[in-house]
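*Asks:* Here is my input, please return the structure:
(one chain, ligands or ions: 2)
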Amino acid sequence: MHTDYIDLGTISEVEREYAMEEAGEIIRRGGLVAFPTETVYGLGADGMNPDACARIYEAKGRPSDNPLILHIVDMKQVDEIAREVSPDARKIMEEFWPGPLTVILPKKETVPSRATGGLDTVAIRMPSHPDAREFIRKSRRIIAAPSANVSGKPSPTLAEHVYEDMKGRIPMILDGGAVGIGIESTIVDMTGDCPVILRPGYISKEDIADVIGQAELDPAIAGRERQEGIVAKAPGMKYRHYAPKGQMILVEGKTENVIRKINELTQNKQTQGYRVGIIATDDTLSQYPTGIIKSIGSREHTETVAANLYRVLREMDESGAEYIYSESFFTEPMGDAIMNRMLKAAGYRVISADEA
Ligand code: TXA
Ligand code: MG
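*Replies:* Ligands and ions are numbered 1, 2, ... in the order given. Reported below is the predicted structural model:
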C-alpha cells in the first residue's frame, strides 16, 4: 500500500483543505489515517465501523482485547456513545476538554465491541490539537485512535516515527510537527463511586480532585515496583510495554551521586566492550565524559522531559546501546506520568545512588 505523507506545515491553505477532505474520505470508506494530537500521534479509523476498527489492530499488531479511545470534537457526541454521564464526569469533561484527558463511561449499545475490546465501557477523549480537531470534524465521524506506533514500540511524538512504523500499512499520514505533551492522555475511570486514574498523564490526580473533590490512582500503577497479582483496569496497561533493545536501568538519588554512579557503571561496561547509552538532562549533560549521551530535557521544566522521552528511547535503539543508564524523575512535577513510562521501559530496574 502506498502511504501518502502530508506535511501540514509547508502546504498552502487550499492544499490543506484538499488533504483534510481526502483524509475524511479515507475514514468514511473504512480506512486508516495517522494524525497529530497534543499528546502523541494517533492512528484513526471510523469508531462506529467494526471493520475499520479491525484494521487498526491489524496495522499495529495489537491484541484485540485492548480497547481503543474514541475521539470527538463536540460535547454532543458524548451522548451518542455513552449510556450515562454522571454530574462529576460532566464537570471534568467541561474543565479539561478539549485536552489530554480520556474519560471512561458506560457504553451505548451502538458502540461496536470491536472498538471497546468487548468491554461494556467506552473511553472518550476530545483532543485540543487544531489539526486533530479539523481532521475529526472533516471526517464527520467519531474517530477511534490508539497511538500510531507498532505494538511494542514507544508512542510516536513525530510524524517520522509514524512513518517508520506504519509505512506501507496505512494510506495516509498527516504530519503536524512535533507533538506538545509527548506522553499519552491521562485516563480516568468515571464508572464507579470514586474517579480512578488508570493511566497517569499531564493532567494529574490533584488536578482532577481540585474539580470534583476526589480521585485515586489505580493500585496497579501506584507503586514503583511492579506489583505482582494486581491486575490493571486499563487493559493496555497490562501488556509488556516498550523496552529498548539494550538493558535500561534507572538510577535515583541526589544528583551528584547519580552522576557518579552512572559514570562508574558506564566505565565498567565499556571496559567489558559494551556500547553504553546515558539518558542525562540539560543540566548534567557535560558531566558525563563518555558514552552515547542524550539529554531528555530540563529538570526545571519537566514538561520538556515528557516531550522528549519517547524520541530519546527510539534514538537509543538506533544508536545500538546495549546498556542504558538513565537519571530518574520520581519527585519532579509530572513525575508519576514520566516514571510510569520509564519504569516500564526499564523493566522496573531501579538502582539507588545514595546507598554507600
Ligand atoms: O493520548 C492518547 O490517549 C493517545 C492519543 C492518540 O489520543 N491515544 C492512546 O491510545 O494512547 P492507546 O490505544 O495507545 O491507549 C489507550 C489506553 C489503553 O491502555 C486501553 O487499554 C485503555 O486506553 N482503554 C481504552 N478503553 C478502555 C476502557 N473502556 N476501560 C479501561 N481502559 C480502556
Ligand atoms: Mg499506545
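*Asks:* Going by C-alpha atoms from here, please, whenever you check contacts or count neighbours.
*Replies:* OK.
*Asks:* Find the residue at the geometric middle of the chain.
*Replies:* In the chain, the residue lying closest to the centroid (C-alpha atoms, centre = their mean) is Glu184, at 2.7 Å.
*Asks:* Just give the nearest non-adjacent residue to that residue, would you?
*Replies:* In space, not counting the residues next to it along the chain, Glu184 is nearest to Thr39; the distance is 5.2 Å by C-alpha to C-alpha, 6 or more residues apart in numbering.
*Asks:* Please report the number of neighbouring residues for the one you found.
*Replies:* The burial count assigned to Thr39 is 29, neighbours taken as other C-alpha atoms under 10 Å.
*Asks:* what's the answer for Arg349, then?
*Replies:* Other residues near Arg349 come to 17 when the count uses other C-alpha under 10 Å.
*Asks:* Write out the residues of the stretch 101-250 of the chain neighbouring ligand 1.
*Replies:* 104, 116, 119, 121-123, 145-147, 184-185, 233-237 (C-alpha under 6 Å from any ligand atom).
*Asks:* repeat that for 5 Å
*Replies:* By the rule C-alpha under 5 Å from any ligand atom, the part of the stretch 101-250 of the chain lying against ligand 1 is Thr121, Val122, Ala123, Pro146, Ser147, Glu184, Ser185, Ala234, Pro235, Gly236, Met237.
*Asks:* And these, which of them are buried?
*Replies:* By the neighbour-count criterion of 16 or more other C-alpha atoms under 10 Å, those include these buried positions: Thr121, Val122, Ala123, Pro146, Ser147, Glu184, Ser185, Ala234, Gly236, Met237.
*Asks:* residues in contact with the fifth one?
*Replies:* This points to Ser147. Contact criterion C-alpha atoms under 8 Å, 6 or more residues apart in numbering gives Val40, Tyr41, Gly42, Leu43, Ser155, Pro156, Glu184 as the residues in contact with Ser147.
*Asks:* make it 7 Å
*Replies:* With contact set as C-alpha atoms under 7 Å, 6 or more residues apart in numbering, Ser147 has these partners: Val40, Tyr41, Gly42, Leu43, Ser155.
*Asks:* Contact partners for the second one?
*Replies:* By that I understand Tyr41. Neighbouring residues of Tyr41 by C-alpha under 7 Å, 6+ apart: Ala34, Phe35, Ser147, Ala148, Pro156, Thr157.
*Asks:* re the thing from before, please produce CSV containing the residues of the stretch 101-250 of the chain next to ligand 1, extended by pLDDT and distance to Ala243.
*Replies:* Formatted as CSV, those follow (pLDDT from 0 to 100; distance: C-alpha to C-alpha, whole Å):
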residue, pLDDT, distance to Ala243
Thr121, 98, 29
Val122, 98, 28
Ala123, 98, 26
Pro146, 98, 19
Ser147, 97, 16
Glu184, 98, 17
Ser185, 98, 20
Ala234, 76, 19
Pro235, 76, 18
Gly236, 70, 15
Met237, 69, 14
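*Asks:* Out of these, flag the one nearest to Asn340.
*Replies:* Taking C-alpha to C-alpha as the measure, Met237 is the one of these closest to Asn340, at 10.1 Å.
*Asks:* how about the CA coordinates for the helix or strand bottoming out on mean pLDDT in the chain, as CSV?
*Replies:* Every helix and strand in the chain was compared by mean pLDDT, DSSP states H and E; the lowest is helix 219-222, with a mean of 81. Listed next in CSV are the C-alpha coordinates belonging to helix 219-222 (Å, rounded to 0.1, in the frame of the first residue of the first chain):
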residue,chain,number,x,y,z
PRO,A,219,-3.3,0.4,42.7
ALA,A,220,-1.8,-1.3,39.6
ILE,A,221,0.0,1.9,38.7
ALA,A,222,0.6,3.4,42.1
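*Asks:* so after it, what's the next helix or strand?
*Replies:* Using DSSP states H and E, the helix or strand that follows helix 219-222 in sequence is strand 247-252.
*Asks:* who's in contact with that next one?
*Replies:* 258, 322-328, 346, 349-353.
*Asks:* hmm, try it at 6 Å
*Replies:* When contacts are taken as C-alpha atoms under 6 Å, 6 or more residues apart in numbering, the neighbours of strand 247-252 outside the stretch itself are Tyr323, Ile324, Tyr325, Ser326, Glu327, Ser328, Ala346, Arg349, Val350, Ile351, Ser352, Ala353.
*Asks:* mind checking which helix or strand the fourth one is in?
*Replies:* Counting by DSSP H and E, the secondary-structure element that holds Ser326 is strand 323-327.
*Asks:* Run me through the strand neighbours of that strand, direction for each.
*Replies:* According to DSSP bridges, the neighbouring strands of strand 323-327, each with its direction, are strand 247-252 (parallel), strand 276-280 (parallel).
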